[in-house]
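1. Predicted model and sequence below, questions to follow.
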Amino acid sequence: MDRPVIGITTEWDRDLGKYMLRDLYCDMIAAAGGEPVMLPYCCENISYLDGLLLSGGADIAAKLGGYEDGPMMRYDPPARDGCERRLFDKARACNMPILGICRGHQLINCLLGGTMVRDLCEIGHDKDAHFKPEGNATHGMRTEEGSLLRSFYGETAHVTSVHHQALRTVGQGMRVTAWSDDGIIEGTEHEGGKILTVQFHPERLGHLSTFRWLVGASKAAK
C-alpha cells in the first residue's frame, strides 16, 4: 500500500460500550494522503503502522500529569493512559513519526517527564477562552521562527481549542514552538524531529498542514 497507515487512538464510551473517534481525525488523515486506522485500548501490535496520532479526549490521570485530583476533573478510563503509553513507547522505539493533539499533546509531554496545570483558572487564565466545545470559535497563536509550526501557520494564526488544562513544564527533548495570545503553550516539537504536538485542534478548521507532516514523515520512514 502506497498510502502510509496512520494509527489513531480512540476513547471508550462506557454507556454505549463502544470505542469512539471524531470523524474529522480520519477525514484529515485521508485528505493528507494517509490510511487512517482506529486503535482500541487492547492494541499491542503496531508493526503494520507507519505513523501514530494520539487524539483528544478527557483528562489524563492526575499522578501522570503531576497534579493533585480536584473538582471539575473528567478522566478517561485508566486503560487509555496505559494503552497510549505502550503505543507511544513502541512508536518511539522504531522511530515512528508521532502527532499529539489536545489530550495527546498533554500526554506526550507528561510521558517525557513534563507536568500539567490542573485547571487554567488556577493560574489566572480565563478557561472560556480555551474551552469552546460548540462551533469553531478561535483565539490567536504565535509561532517560533524556524519551527515546523511557523512553516505551517506563519508567524501568527487563529486556531480553535477545547481544553481546561495546559502544559506547566516541558518534557525532555521537547521545545515550545507556539503560544496562545495569553501565554498558553500551544505547540511543541521534539529535537529528534519525529514528534509534533499541538494543544489546539487543527482538524476543526480544516488545517491540513499538521496532518500532511505526519503522513509525509510516515511515508518517508516506510
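-> Yes, it's here. Numbering: from 1, shown residues only.
2. May I ask you to confirm that residue 91 belongs to a strand?
-> No: counting by DSSP: H, G, I helix; E, B strand; the rest coil, residue 91 is not part of a strand but helix.
3. Look up how far residue 85 lies from the closest residue to it other than its chain neighbours.
-> The shortest distance from residue 91 to any non-neighbouring residue, by C-beta to C-beta, 6 or more residues apart in numbering, is to residue 52 (4.5 Å). From N, CA and C alone the C-beta is placed, and that goes for glycine too. Separation of residue 52 from residue 85 (C-beta to C-beta, to the nearest Å): 12 Å.
4. the more surrounded of those two?
-> residue 52 (26 against 15; other C-beta atoms under 10 Å).
5. Backbone dihedrals for the residue nearest to residue 91, both of them.
-> phi -130, psi 130 (degrees, to the nearest 10).
6. centroid residue for this structure?
-> residue 101 (1.9 Å; C-alpha atoms, centre = their mean).
7. In contact with the closest residue to residue 153 other than its chain neighbours: list those residues for me.
-> Residue nearest to residue 153 in three dimensions, not counting chain neighbours: residue 143, with 5.7 Å by C-beta to C-beta, 6+ apart. Residues counted as contacts of residue 143 (C-beta atoms under 8 Å, 6 or more residues apart in numbering) are 149-150, 153-157, 177-178, 187.
8. Can you classify residue 80 as helix, strand or coil?
-> helix.
9. My guess is it contacts residue 56. True?
-> No: with contact taken as C-beta atoms under 8 Å, residue 80 and residue 56 are classed as non-touching, separated by 11.7 Å.
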